[in-house]
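K.L.:
Sequence first, predicted coordinates after that:
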Amino acid sequence: DAKTTQPPSMDCAEGRAANLPCNHSTISGNEYVYWYRQIHSQGPQYIIHGLKNNETNEMASLIITEDRKSSTLILPHATLRDTAVYYCIVRVASAGGTSYGKLTFGQGTILTVHP
Amino acid sequence: EAGVAQSPRYKIIEKRQSVAFWCNPISGHATLYWYQQILGQGPKLLIQFQNNGVVDDSQLPKDRFSAERLKGVDSTLKIQPAKLEDSAVYLCASSRRTSGREWLVDNEQFFGPGTRLTVL
């Protein structure tokens, strides 16, 4: 699986948009970009995923550059409850081979939302 | 729907002792995962089951770790004997499937709260 690079930490004011970047310059054509987050003392939680088009759901938006070498997760109106570690993961899309689409977590970005 | 259940939530043992963790996945989920998360790091996959068969245990330290998933539902992860470096949170996750046309749609992993193991 391709590796990702994320800043170790970021701050954001409550009510403002949080933009979390991720570099994945070695991503392959059959790999999706996934985002998970982990709130303190909880297991990771799925946020969103995409291949090459921008995606939006009730939690966040995902912007993927045209060359697919980087992406940005956007939390449009951050709240204190969004304080967490955010993981950007690239993941094989097919179920064949030995990877079986497993999630390979890096160290993620610690997002702190301030009042 | 009920989430992934794990027990115990916390466990403290001395090195060389044995310990077991239990996981009950979401009903109907065919795939079950065990992850190890050392403090300050992201989770690392130890083993993945599809129903009751192992599909990936490449990162499981098989000299001391073992896991089983009887009847394709609940699972247990055992460490025997434990070492200091096994201190970590052990996370269980489940997903509906890892094959088929709806693989991506149904492959979101749902995580349990984890078991925090401290080895003294």
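P.N.:
Cool, got the structure. Numbering: from 1, shown residues only, chains lettered A, B, ... in the order given.
K.L.:
Not counting its neighbours along the chain, what's nearest residue A:20?
P.N.:
residue A:73 (4.4 Å; Cβ to Cβ, 6 or more residues apart in numbering or on different chains). Heads up, the C-betas are built off the backbone N, CA and C, glycines and all.
K.L.:
Residue A:19 reaches residue A:73, doesn't it?
P.N.:
Yes - look at residue A:19 against residue A:73 with Cβ atoms under 8 Å: they come within range, at 7.5 Å.
K.L.:
Of these two, which one has the most company?
P.N.:
Remark: of residue A:19 and residue A:73, residue A:73 carries more neighbours, 25 against 15, as counted by other Cβ atoms under 10 Å in any protein chain shown.
K.L.:
helix/strand/coil for that one?
P.N.:
strand (DSSP: H, G, I helix; E, B strand; the rest coil).
K.L.:
beta partners of it?
P.N.:
Beta bridges link residue A:73 to residue A:20, residue A:62, judged by DSSP bridges.
K.L.:
give me the number of residues near the residue nearest to residue B:17 when sequence neighbours are not counted?
P.N.:
Spatial nearest neighbour of residue B:17, chain neighbours left out: residue B:82 (5.7 Å); criterion: Cβ to Cβ, 6+ apart. Look at residue B:82: counted by other Cβ under 10 Å, it has 23 neighbours.
K.L.:
my guess is residue A:77 contacts residue A:15, does it?
P.N.:
Yes - with contact defined as Cβ under 8 Å, residue A:77 reaches residue A:15; the gap is 5.8 Å.
K.L.:
My guess is residue A:38 contacts residue A:82. True?
P.N.:
No - using Cβ under 8 Å as the test, residue A:38 is too far from residue A:82 to be in contact (11.9 Å).
K.L.:
So for those two, which sits in the more crowded spot?
P.N.:
residue A:38 (22 against 19).
K.L.:
where do the helices sit along chain B?
P.N.:
Taking DSSP state H, chain B contains no helices at all.
K.L.:
For the residue nearest the centre of it, give me its contacts.
P.N.:
The residue lying closest to the centre of chain B (Cα atoms, centre = their mean) is residue B:34, at 2.1 Å. For residue B:34, the contact set (Cβ atoms under 8 Å, 6 or more residues apart in numbering or on different chains) comprises B:23, B:45, B:46, B:47, B:48, B:67, B:75, B:77, B:90, B:91, B:92.
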